[in-house]
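A.B. asks: Following is a predicted model, sequence given first.
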Amino acid sequence: MSEIQILLVEDNEGDILLTIEAFKDLKVKTNIAVAKDGTEAIEFLKCQGKFTDNKLPHLILLDINMPKVNGIEVLDFIKKDDQLKKIPVVMLTTSSSESDIAECYEKSANCFITKPVDFGKFLNVVQAIESFWFSVAQLPKSVS
């Protein structure tokens with residue numbers, strides 16, 4: 001796989017910049033598309049609106065607490081769709097709530113990570129995501 005397509009679903013501009021910056025330092029070439037709320041994420045995945053020319057991602061990084069449609073609702077949408085359910089979804093969120101963790105796994109999240117506030121620790125998390133999902137795990141080449 002020459003370039004990993006990632007969909008980052010995040011409404012916090014600081015976290016968006018932090019995540020993009022953290023992935024720049026890694027050895028795997030990534031292309032990160034951003035959806036700033038759950039509605040945009042669903043439009044992106046359906047290739048609708050301003051996202052008609054996008055490529056479906058190999059991996060989705062999904063926040064929970066967002067306006068319009070929250071991350072758990074987006075996860076539910078993804079995992080109920082026959083084409084999209086193959087895409088691994090990593091819940092990357094500030095939540096550490098036991099009920100959020102349980103609900104995400106009940107809805108077939110592939111992983112749940114609580115975002116650390118410290119940049120160094122966040123960088124370690126992104127490196128762990130890169131190491132596991134791009135070096136150890138096999139991602140589907142295409143979801144179409």
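C.D. replies: Structure received.

A.B. asks: residue nearest the centroid of the protein?
C.D. replies: Within the chain, the residue whose C-alpha comes closest to the C-alpha centroid is L61; the distance, by C-alpha atoms, centre = their mean, is 1.2 Å.

A.B. asks: Packing partners of the helix or strand containing that one?
C.D. replies: With elements delineated by DSSP states H and E, L61 resides in strand 59-62, which encompasses its position. Here strand 59-62 is seen to pack against strand 4-9, helix 71-80, strand 89-93 when contacts are counted using 3 or more C-beta pairs under 8 Å, 6 or more residues apart in numbering; DSSP states H and E. (Glycine included, C-beta is placed from N, CA and C.)

A.B. asks: State the distance from the residue nearest to the centre of the chain to D82.
C.D. replies: The gap separating L61 from D82 is 22 Å, by C-beta to C-beta, to the nearest Å.

A.B. asks: Equivalent analysis for W133, please.
C.D. replies: For W133, the distance to D82 equals 22 Å [C-beta to C-beta].

A.B. asks: Could you do E73 as well?
C.D. replies: With distances taken as C-beta to C-beta, E73 is found 18 Å from D82.

A.B. asks: more neighbours, the two?
C.D. replies: For E73 and D82, the more surrounded residue by other C-beta atoms under 10 Å is E73, and the numbers stand at 17 against 6.

A.B. asks: pLDDT score assigned to that one?
C.D. replies: Here the pLDDT value assigned to E73 is 97.

A.B. asks: pretty sure it contacts D37?
C.D. replies: No. Here E73 lies out of contact with D37, judged by C-beta atoms under 8 Å, at a distance of 10.8 Å.

A.B. asks: in the sheet, who's paired with the residue nearest to the centre of the chain?
C.D. replies: Beta-bridge pairing of L61 under DSSP bridges involves L8, V90.

A.B. asks: pretty sure it contacts I87?
C.D. replies: No. L61 is not in contact with I87 according to C-beta under 8 Å; the separation is 11.2 Å.

A.B. asks: which residues sit in contact with T19?
C.D. replies: Under the criterion of C-beta atoms under 8 Å, 6 or more residues apart in numbering, the contact list for T19 reads 8, 10, 32, 61, 92, 126.
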